[in-house]
Structure formats: C-alpha cells, structure tokens
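> Just to be clear, the model below is a prediction. Sequence and coordinates:
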Amino acid sequence: MNPKIFVGIAVATLAAILGGILLMGPTIVIPSSDNITEIQNSEQAKPLQIELEDISVSKISERSSTIEIAFKISNPNTRSVIVQTMDYQLFETDYSNSEQLAGGEIGSRPEGMVEFGSNYYTLLGENSITLRDTITLRNSGNAPELWDALKDDTATWRVSGTVFYNLSSMTSGQENTLNFEFTK
C-alpha cells in the first residue's frame with residue numbers, strides 16, 4: 001500500500017477531532033454556592049494515621065549495634081497525600097533516663113525553586129505505606145547497661161517525631177504536620 005494513504009487517513013482523523021472540539025466549543029460551568037462550600041471543605045486534608053510498626057535490634061557486636069525501625073502511615077483521605085518528610089527521635093527509657101540515642105529523617109522537603117530529585121512519598125487515597133530506617137549506634141563503652149539491654153533485647157523504647165505532608169501536589173493546600181509519640 002501507498003504510505004500517502006496512511007498519512008491522509010491520519011490527517012483526516014486529526015482534522016475530524018479538531019473540528020469536533022471547535023464545533024462543541026468551550027463549556028463554562030459556574031458553580032453554585034453549595035458547590036463552592038463543598039470544594040472548600042474537600043481541600044482540607046484529614047490527618048494521617050501513624051503507627052510504630054516495628055523496632056528491633058537486627059545486629060549487635062562489641063563495637064556497634066544496628067536498630068531497624070518501621071512506621072506505617074495510613075491516608076484516610078480519598079485524595080492522594082504527599083508525605084514530604086518524617087523526622088523522629090529514638091530514646092531508650094530504662095537506662096538513659098530518656099536521653100536521645102539517635103534520630104533520623106525519612107524523605108526530603110523541597111528547598112528553593114528547582115528540585116533536581118525528589119525523595120518524598122505519594123500516598124494514594126485510603127492506602128498506607130511503610131517507611132523504614134536503619135540506625136547504627138556506636139559502643140563508646142560508657143553505657144554497659146544500655147549495651148546489655150540491647151544484647152538481651154530488653155530495651156524499652158520511646159519514639160517521637162513529626163510527619164510533614166500536604167495534599168496531592170506540592171503547591172495545593174497548606175503544609176500539614178502530625179506529631180507522634182510511641183512507647184514500646
């Protein structure tokens with residue numbers, strides 16, 4: 001077959017689509033006051049729900065200890081939510097009199113006009129995501145009771161922090177925060 005036939009069919013199809021759009025014309029929908037109130041109410045995000053899913057000592061030696069921590073974040077909204085960062089602090093409550101042992105940040109917040117990489121999490125409506133992190137503690141030798149509790153798996157943990165999130169895009173809605181604290 002002649003290739004000009006295929007090109008002609010494509011041009012005719014494109015012309016028909018454009019003609020249909022021009023024939024229909026733009027449609028302007030003017031919302032009523034009830035719809036405006038409903039749109040404004042739907043823009044406010046419900047708070048996320050967060051759980052401490054797991055905290056465990058995965059590896060321990062005389063020099064260091066590796067602690068794995070996992071958080072489950074649930075989105076009760078019907079719209080997507082972007083979880084930018086989750087900052088947390090880890091405390092061992094029995095030995096250290098609630099001194100902070102470690103802390104971390106999962107994700108990243110946009111800084112400046114141009115963001116060359118993204119390290120945030122899109123959480124779809126009515127779904128959940130598990131965020132994990134690994135913490136390495138160095139044994140300085142100054143806390144033998146703490147090291148014994150880590151070896152025996154008898155440590156009592158307290159984790160606190162903040163989740164920063166907003167609606168389905170970085171520019172829609174305001175930034176929301178959720179503070180949390182767990183004891184395990």
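Good, I have the coordinates.

> Strands of this structure, residue ranges please.
49-60, 64-74, 81-92, 100-107, 121-123, 128-138, 157-166, 176-183 (DSSP state E).

> most packed of these?
Of these, the one with the most neighbours on average (mean count of other Cβ atoms under 10 Å) is strand 81-92, at a mean of 20. Any C-beta I mention is one placed from the backbone N, CA and C, and that applies to glycine too.

> for the strands of the chain, which one sits closest to residue 20?
strand 121-123 (34.5 Å; Cβ to Cβ).

> Run through who's touching the closest one.
Strand 121-123 is contacted by residues 48, 73, 75, 80-83, 107, 129, 131, 165, 168 when judged by Cβ atoms under 8 Å, 6 or more residues apart in numbering.

> Sheet-wise, list the partners of it with their directions.
Paired strands of strand 121-123, with direction, are strand 81-92 (antiparallel) (DSSP bridges).

> Can you check what angle separates the strand it pairs with from strand 100-107?
170 degrees (axes from the mean of the first three to the mean of the last three Cα atoms, to 10 degrees).

> Which among the strands of the chain is found nearest to residue 14?
strand 121-123 (34.1 Å).

> Off-centre distance for the closest one?
5 Å (Cα atoms, centre = their mean, to the nearest Å).

> repeat for stretch 84-103
With Cα atoms, centre = their mean, you get 20 Å for stretch 84-103.

> Could you pull up the mean pLDDT of that stretch?
Regarding stretch 84-103, the rounded mean pLDDT is 83.

> Can you measure across it, start residue to end residue?
One end of stretch 84-103 to the other measures 17 Å (Cα to Cα, to the nearest Å).

> May I have stretch 139-158 as PDB, with CA atoms only?
Extracted C-alpha coordinates of stretch 139-158, given in PDB (Å, rounded to 0.1, in the frame of the first residue of the first chain):
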ATOM      1  CA  ASN A 139      29.500   1.500  71.600                       C
ATOM      2  CA  SER A 140      31.600   4.100  73.400                       C
ATOM      3  CA  GLY A 141      32.000   1.800  76.400                       C
ATOM      4  CA  ASN A 142      30.300   4.500  78.600                       C
ATOM      5  CA  ALA A 143      27.000   2.700  78.800                       C
ATOM      6  CA  PRO A 144      27.400  -1.000  79.600                       C
ATOM      7  CA  GLU A 145      23.800  -1.200  80.900                       C
ATOM      8  CA  LEU A 146      22.400   0.000  77.600                       C
ATOM      9  CA  TRP A 147      24.500  -2.400  75.700                       C
ATOM     10  CA  ASP A 148      23.400  -5.300  77.900                       C
ATOM     11  CA  ALA A 149      19.700  -4.300  77.300                       C
ATOM     12  CA  LEU A 150      20.400  -4.200  73.600                       C
ATOM     13  CA  LYS A 151      22.000  -7.700  73.700                       C
ATOM     14  CA  ASP A 152      19.200  -9.200  75.800                       C
ATOM     15  CA  ASP A 153      16.500  -7.500  73.700                       C
ATOM     16  CA  THR A 154      15.000  -6.000  76.900                       C
ATOM     17  CA  ALA A 155      15.300  -2.300  75.900                       C
ATOM     18  CA  THR A 156      12.200  -0.100  76.300                       C
ATOM     19  CA  TRP A 157      11.900   2.400  73.500                       C
ATOM     20  CA  ARG A 158      10.200   5.800  73.100                       C
END
